[in-house]
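A.B. asks: Mind looking at a prediction? Sequence and model below.
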2 protein chains.
Amino acid sequence: MGRTSDAKPRLLAAAGELFQDKGYHAVGIQEICDAAGVNKGSFYYFFSSKRDLVLAAIDAQVEMYQQELMQPAFSSDVPVAEQFRQFFHLMYLARHNLASCTGCFFGNLTLELSTHDELVRGKLQSIFEGWTLGFERVLQAAVEAGALPKLDTRRTAQALVALFEGSALLAKAYNDVSILDDLSQVAVNLVEHASSSP
Amino acid sequence: MGRTSDAKPRLLAAAGELFQDKGYHAVGIQEICDAAGVNKGSFYYFFSSKRDLVLAAIDAQVEMYQQELMQPAFSSDVPVAEQFRQFFHLMYLARHNLASCTGCFFGNLTLELSTHDELVRGKLQSIFEGWTLGFERVLQAAVEAGALPKLDTRRTAQALVALFEGSALLAKAYNDVSILDDLSQVAVNLVEHASSSP
DNA sequence: GATATATTTTACCAGTCGGTCAACTATTAG
DNA sequence: CTAATAGTTGACCGACTGGTAAAATATATC
């Protein structure tokens, strides 16, 4: 009953873009509403607060990263180290047409919000933890298949996440996406020469 | 002539702490003035704007990082890989008594401001570039001394900066400084097994 | 001690922020 | 057709933002 609307997904999409481009505090609700073509009054019909919005936007972006980075990179049958190179390269491709390099959505929010809002921090932590566990599974499978020597999968996986986030950060600082491609080679090395001692 | 004052350094110190803790947009000038015990009217006697302040605060923090991280880590005579471990460990020590892990000052500002303000971005870029060049010199010296095999010093140095920034980011997301110590081991590996092909 | 000046104080401004609310409208299910 | 309801609108709020200006005050120099 009642009328229908696609304002909510439009708000989520606009919020995703604007938070990515400018950060959380630098974007106002009015600006998000304008970008989405939604009245501010309507905004508060769908979301109870700006915080509520960012939590929902994070969920939406997790889905996107999963579909556009994780799955494409790690479902091919190339050697495992190449899969990680591909992971970095897909990030490069996603950013290299943009006017300026805006970093990783989750990394951006982490550094801006995780000291303010424990719920947001926890959510971002579990996203990075999910990535780490995913990387770990990929590494473990390669070890068991004999494609890699024994290694400390947990630490290596976490280092790969850190290297990825650090690369995205440097790409933003230098405003140069090619850093992502450049450091993908180091990710490859890191996989192939990881230590085994825990 | 006229009276003297230490309000300016107090403002810089307060800004350094608050920007680090809460980020740029989340801190108001009033809050910084309160923390420094300075009247807001006086603030604008020393700084022409909030942006002017953050630029000065960045310079002050560069000095601090140089004295408390770079010099201590890289002037000892332990093996070069150990020096990098020490670099991560010093960051761990600086953070491990704090109530919450607040990441790297420069990384935080990079992700929050470098799409807004080209001057700030350029400043942060040159800081990371300085670190990279410093790391590169350390690596090159070790190669020439025969302590390390030939390697792509530029890429390895940049990867170490990225790994460091990524580690600080994860430490903030997990609110767990021990990640810095944990990933310092990967930095060691990265130095010892860096690739040589440019 | 006079005085030029570096610093401080206070009150103020316009604009924007996140958020609220009550009236209004379109629509869908019965 | 109707009625219940999902969604929209626009005006409004208090709090706070970065920033301004002029008067007051303390002090270093001579």
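C.D. replies: That came in fine, so what should we check first? Everything quoted here is computed from the prediction, not taken from an experiment.
A.B. asks: Next, A:Ser48: secondary structure please.
C.D. replies: coil (DSSP: H, G, I helix; E, B strand; the rest coil).
A.B. asks: Quick one, grab the pLDDT at it.
C.D. replies: On the pLDDT scale, A:Ser48 is placed at 97.
A.B. asks: since we're on the closest residue to A:Asp21 other than its chain neighbours, how many residues are nearby?
C.D. replies: The shortest distance from A:Asp21 to any non-neighbouring residue, by CB to CB, 6 or more residues apart in numbering or on different chains, is to A:Thr102 (5.5 Å). In this view, the C-beta of every residue, glycine as well, is placed from N, C-alpha and C. The number of residues packed near A:Thr102 is 23, by other CB atoms under 10 Å in any protein chain shown.
A.B. asks: residues touching A:Thr102, list them.
C.D. replies: For A:Thr102, the contacting residues are A:Gln20, A:Asp21, A:Arg95, A:Asn108, A:Lys172, B:Thr115, by CB atoms under 8 Å, 6 or more residues apart in numbering or on different chains.
A.B. asks: A:Glu68 too?
C.D. replies: By CB under 8 Å, 6+ apart, A:Glu68 lies in contact with A:Leu90, A:Ala94.
A.B. asks: what do you get for the one 4 residues further on?
C.D. replies: By CB under 8 Å, 6+ apart, A:Pro72 lies in contact with A:Gln86, A:Leu90.
A.B. asks: Angles on the backbone of it, please.
C.D. replies: The phi/psi pair for A:Pro72 (degrees, to the nearest 10) reads phi -60, psi -40.
A.B. asks: which other helices and strands contact the longest helix along chain A?
C.D. replies: The longest helix of chain A (DSSP state H) is helix A:118-144. When contacts are defined as 3 or more CB pairs under 8 Å, 6 or more residues apart in numbering or on different chains; DSSP states H and E, helix A:118-144 sits against helix A:50-65, helix A:80-95, helix A:105-113, helix A:153-174, helix B:153-174.
A.B. asks: Quick one: list the elements packing against the last one.
C.D. replies: If I follow you right, that is helix B:153-174. Applying 3+ CB pairs under 8 Å, 6+ apart, one finds that helix B:153-174 contacts helix A:105-113, helix A:118-144, helix A:153-174, helix A:178-192, helix B:80-95, helix B:105-113, helix B:118-144, helix B:178-192.
A.B. asks: Turn those helices into CSV, columns for mean neighbour count.
C.D. replies: Shown next, in CSV, are those (neighbours: other CB atoms under 10 Å in any protein chain shown):
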stretch, mean neighbour count
helix A:105-113, 26
helix A:118-144, 18
helix A:153-174, 26
helix A:178-192, 22
helix B:80-95, 20
helix B:105-113, 25
helix B:118-144, 18
helix B:178-192, 22
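A.B. asks: Those: which one's closest to B:Asp152?
C.D. replies: helix A:178-192 (8.4 Å; CB to CB).
A.B. asks: what about that closest one, near chain B?
C.D. replies: Yes - using CB under 8 Å from any CB of the partner chain, helix A:178-192 reaches chain B at A:Ile179, A:Asp182, A:Leu183, A:Gln185, A:Val186, A:Asn189, A:Leu190.
A.B. asks: correct me, but the third one touches A:Phe88?
C.D. replies: Yes - counting by CB atoms under 8 Å, a contact exists between A:Leu183 and A:Phe88, whose distance comes to 6.8 Å.
A.B. asks: List the residues that are in contact with both of the two.
C.D. replies: Here A:Leu183 and A:Phe88 have A:Ser167 as joint contacts, going by CB under 8 Å, 6+ apart.
A.B. asks: any weak-confidence spans in chain A?
C.D. replies: A:197-198 (pLDDT under 70).
A.B. asks: who in it is up against DNA strand D?
C.D. replies: Contact residues, chain A versus DNA strand D (CB under 7 Å from any atom of the strand): A:Met1, A:Gly2, A:Arg3, A:Thr4, A:Ser5, A:Ala7, A:Val38, A:Asn39, A:Lys40, A:Gly41, A:Ser42, A:Tyr45.
A.B. asks: Take those and lay them out in CSV including neighbour count and secondary structure.
C.D. replies: Below are the residues of chain A next to DNA strand D laid out as CSV (neighbours: other CB atoms under 10 Å in any protein chain shown; DSSP: H, G, I helix; E, B strand; the rest coil):
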residue, neighbour count, secondary structure
A:Met1, 2, coil
A:Gly2, 4, coil
A:Arg3, 4, coil
A:Thr4, 5, coil
A:Ser5, 12, coil
A:Ala7, 17, helix
A:Val38, 20, coil
A:Asn39, 12, coil
A:Lys40, 12, helix
A:Gly41, 8, helix
A:Ser42, 15, helix
A:Tyr45, 12, helix
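A.B. asks: Good, we can wrap up now.
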